[in-house]
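# Let me see the structure of the following:
(chains A, B, C and D)
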There are 2 protein chains.
Amino acid sequence: MKTPTIQDVAQHAGVGVGTVSRVLNNHTAVKPATRETVLKAIADLNYTPNPHARRIAGGKSYTISVLLPVLTTEFYARLLNGLENAFQEARYDLAIFPLLDRSRLERYLASHTLAYQADGLVMATYNLTKVFHERRLQTRQPTVLVDAYTDDSDCSYMDNLTGGTLAGAYAATLPGTLYAVWVETELDQLFTTRVFEERRTGFHAALEQAGRRVEAEYTASFDTLAARNTATALLDDVAAKANGFPCTVFASADLLAGALMDEARVRGLTLGQDVRIIGFDDQPWAAARGLTTLHQPVEAMGYEAAQLLLSRLGGYRGPPRASRFEPHLIVRDSS
Amino acid sequence: MKTPTIQDVAQHAGVGVGTVSRVLNNHTAVKPATRETVLKAIADLNYTPNPHARRIAGGKSYTISVLLPVLTTEFYARLLNGLENAFQEARYDLAIFPLLDRSRLERYLASHTLAYQADGLVMATYNLTKVFHERRLQTRQPTVLVDAYTDDSDCSYMDNLTGGTLAGAYAATLPGTLYAVWVETELDQLFTTRVFEERRTGFHAALEQAGRRVEAEYTASFDTLAARNTATALLDDVAAKANGFPCTVFASADLLAGALMDEARVRGLTLGQDVRIIGFDDQPWAAARGLTTLHQPVEAMGYEAAQLLLSRLGGYRGPPRASRFEPHLIVRDSS
DNA sequence: CAAAGTCATGGAATCCCTTCCATGTTCCGG
DNA sequence: CCGGAACATGGAAGGGATTCCATGACTTTG
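Residues are numbered from 1 along each chain as shown, chains lettered A, B, ... in the order given. The predicted structure is shown next:
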């Protein structure tokens, strides 16, 4: 059984192909009665328009490309959810490109799909617009950044500065010396994010405001092992001091906070007393383990990014817009 | 500047479009001299054939759909690498569908992309062919399973039975009582994998062979928190016994093994002495933390899956083939 | 009631490719 | 040196959609 075409639908409904196309795209007015007939024919034949033909015909392909860095975190799963919800409502499909490293980026740049397939592009965390320009990608598609800020294209971002400030303001109210752990950010000139830098700036600003300061700062790359090692080093250092405890640590990612909690436990330290820990992300396990952390409206951010892109696809030609989202502090037992 | 079409190339090279197409697809013979001219024209104009037009013209779209469960693990990153390497060599593009849950599957089934876009389909871990049949997906594409076994389609799989056996045979040589931790497998009737079941069967068989038995078995779902809780429960139980230690634990995934190592450390137990731990996966951190585990040739398995699919696309019409890969044991300090 | 708009609609032209057929070339053996 | 097979090649015919133009059916208005 061949898959039905628009011709088949037109014939079945006793109308012309033009009319069917108009119904499909809600173009110019179609008489309600005719519209019904066509919709029924579509349902009867279980017809789905062929996206390739649509694209060829100069129209849309109803597909959006999404460039996501390492998908190994809850954050991106949630982000993807927000994006997918929005795009699905608008009947768009998603083509996902997990951007694990630079070689994969090269691959995608060379790939046909990225150049042709999509009507628009969503870039998460990394602003790669420059690379795209340099390579003179053939199709200049509307692009939206998510989880990153720039002033030359639409973006939907988390206000990590505020997040850092909230963490700092709260930390300042806690007794004991202050420590902080940051995330190694620059994997490569290309793959840079200011996310952690901003958390840091906000944190420091809030501390200064409160007249307090950090005793020492640590940096770890974003993986379990590095997190463990840094946690060990930090607590070793604290223990080596005369009046090391109590202390408060702001870990700029829950992954780091989790490692600290483990390490504190190993040393028999009481959380929320000897050591107070503040994370950032509110990973699914944070509630169960009682981690004080910053919760981010990630789905909403993704959803909004999609809306920005959809409005561009709908013909909007205004200056770049930026939608800002704010994390909020959730206090739990770890502090 | 418009993107060049095959017409432009033909004109630039002073040949007909048919000839250009023949060069692009290495179809029937083209005189070497002509071929050169055409290739030069293609290079000059920086021409890339439009995959949508190709598809419409009844040809291939040179795109493969890949259905992957939760991408949150190293395993799938490596698998994807293997797949991408193979497909890139063959100049195919990949469309990736991260299959997080049932609702996403529904989404994809309804999606145009899955039905139309690809020349072939790779399904990882979960055998969803039945669902596809039921829904009578319009396009019946060649399909290959990877990290799963079935006899009615091509597949490239890891021999987890052997993996379990190796673990069991090794565990049997170690002193002390034996424990095992398994992974909760059945998320849903649909999303089932026999991977852990097989590891278990192999493990038990090897123990029986050696005349030993497991003292107790535990089950955890595949996430950090569950892993921790199970580790705690297990070591509590062991500690409650008269002669609990030394003991040996086979954790059927490194995630679980990692949690056990942490927990053992908290309790001041010496790894490889009081507690011996055997994992499964050889995650990147396993070496650094000295975890004895089973290493799997994941990339190779992905690469092979791609080859199987490519041969089908190349016209091969034989019975289903299955390629088997074997894990091997890496002994480190944890045992 | 006729003229002039509106509204709906059918269908040809178009998008970029592949494929097939027909035409033109080259090469071989007799 | 010629006839026919094998080889090369140009170009028309699709393939499934969108879009635009022309046409016919209704309204509206003076």
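# And chain B, is the worst-scoring helix or strand of chain A on mean pLDDT touching that?
Lowest by mean pLDDT, DSSP states H and E among the helices and strands of chain A is helix A:112, with a mean of 70. Yes: Helix A:112 lies within reach of chain B by CB under 8 Å from any CB of the partner chain, at residue A:112. Heads up, the C-betas are built off the backbone N, CA and C, glycines and all.
# ok, then the element right after that helix?
Per DSSP states H and E, helix A:112 leads on to strand A:120-124 as the next helix or strand towards the C-terminus.
# Any buried residues in the helix or strand that that next one is followed by, and which?
Following strand A:120-124 in sequence order, the next helix or strand is helix A:129-134 (DSSP H and E). Within helix A:129-134, the residues that count as buried by 16 or more other CB atoms under 10 Å in any protein chain shown are residue A:132.
# Could you list the residues in contact with helix A:129-134?
The contact list for helix A:129-134 (CB atoms under 8 Å, 6 or more residues apart in numbering or on different chains) reads A:105, A:109, A:123, A:143, A:145, A:150, A:152-153, A:190.
# these two touch, right, residue A:24 and residue A:49?
Yes: under the criterion of CB atoms under 8 Å, residue A:24 is in contact with residue A:49, at a separation of 5.9 Å.
# neighbour count winner among the two?
Using other CB atoms under 10 Å in any protein chain shown as the criterion, residue A:24 and residue A:49 rank with residue A:49 on top: 19 against 16.
# Just the element for the residue most central in space within chain A, please.
Chain A has residue A:79 as the residue nearest its centroid, 4.4 Å off, counting by CA atoms, centre = their mean. Assigned by DSSP H and E, residue A:79 belongs to helix A:74-89.
# That helix to strand A:120-124, inter-axis angle?
On the basis of axes from the mean of the first three to the mean of the last three CA atoms, to 10 degrees, helix A:74-89 is oriented at 160 degrees to strand A:120-124.
# avg pLDDT for helix A:74-89?
For helix A:74-89, the mean per-residue pLDDT is 89.
# again, but for stretch A:61-71
83.
# And for stretch A:32-42?
Mean predicted confidence for stretch A:32-42 is 91.
# Check whether that stretch comes near DNA strand C.
Yes: Stretch A:32-42 lies within reach of DNA strand C by CB under 7 Å from any atom of the strand, at A:33-35.
# Select only the buried ones of those residues in PyMOL?
Here is the PyMOL selection string for the buried members of the residues of stretch A:32-42 next to DNA strand C, based on 16+ other CB under 10 Å:
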select buried, chain A and resi 34+35
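# got the residues of stretch A:32-42 next to DNA strand C as JSON lines, with distance to residue B:322 and secondary structure columns?
As requested, these are exported to JSON lines (distance: CB to CB, whole Å; DSSP: H, G, I helix; E, B strand; the rest coil):
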{"residue": "A:33", "distance to residue B:322": "56", "secondary structure": "helix"}
{"residue": "A:34", "distance to residue B:322": "53", "secondary structure": "helix"}
{"residue": "A:35", "distance to residue B:322": "51", "secondary structure": "helix"}
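# which one of the residues of stretch A:32-42 next to DNA strand C sits closest to chain B?
Ranked by distance to chain B (CB to the nearest CB), the residues of stretch A:32-42 next to DNA strand C are led by residue A:35 at 21.4 Å.
# contacting residues around the closest one?
Listed by CB under 8 Å, 6+ apart, the contact partners of residue A:35 are residue A:23.
# before we move on, what about residue A:302?
Residues in contact with residue A:302 (CB under 8 Å, 6+ apart) are A:78-83, A:85-86, A:146, A:156.
# tell me, what's touching residue A:24 and residue A:49 both at once?
Common neighbours of residue A:24 and residue A:49, using CB under 8 Å, 6+ apart, are residue A:6.
# Buried residues, the helix holding residue A:79. List them.
For helix A:74-89, the neighbour count (16+ other CB under 10 Å) marks A:74-84, A:86-87 as buried.
# what do you get for stretch A:262-280?
By neighbour count on 16+ other CB under 10 Å, the buried set for stretch A:262-280 is A:262-266, A:269, A:271-272, A:274-280.
# can you list the residues of the stretch 201-335 of chain A near chain B?
Checking the stretch 201-335 of chain A against chain B by CB under 8 Å from any CB, the hits are A:223-225, A:258, A:262, A:265-266, A:284-285, A:288-289.
# ChimeraX command for the buried members of those?
Per 16+ other CB under 10 Å, the buried members of those correspond to this ChimeraX selection:
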select /A:224,225,258,262,265,266,285,289
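# Identify those among the residues of the stretch 201-335 of chain A next to chain B that sit within helices.
Of these, the ones assigned to helices by DSSP state H are A:224-225, A:258, A:262, A:265-266, A:284-285, A:288-289.
# nearest to residue B:236, of these?
residue A:265 (14.7 Å; CB to CB).
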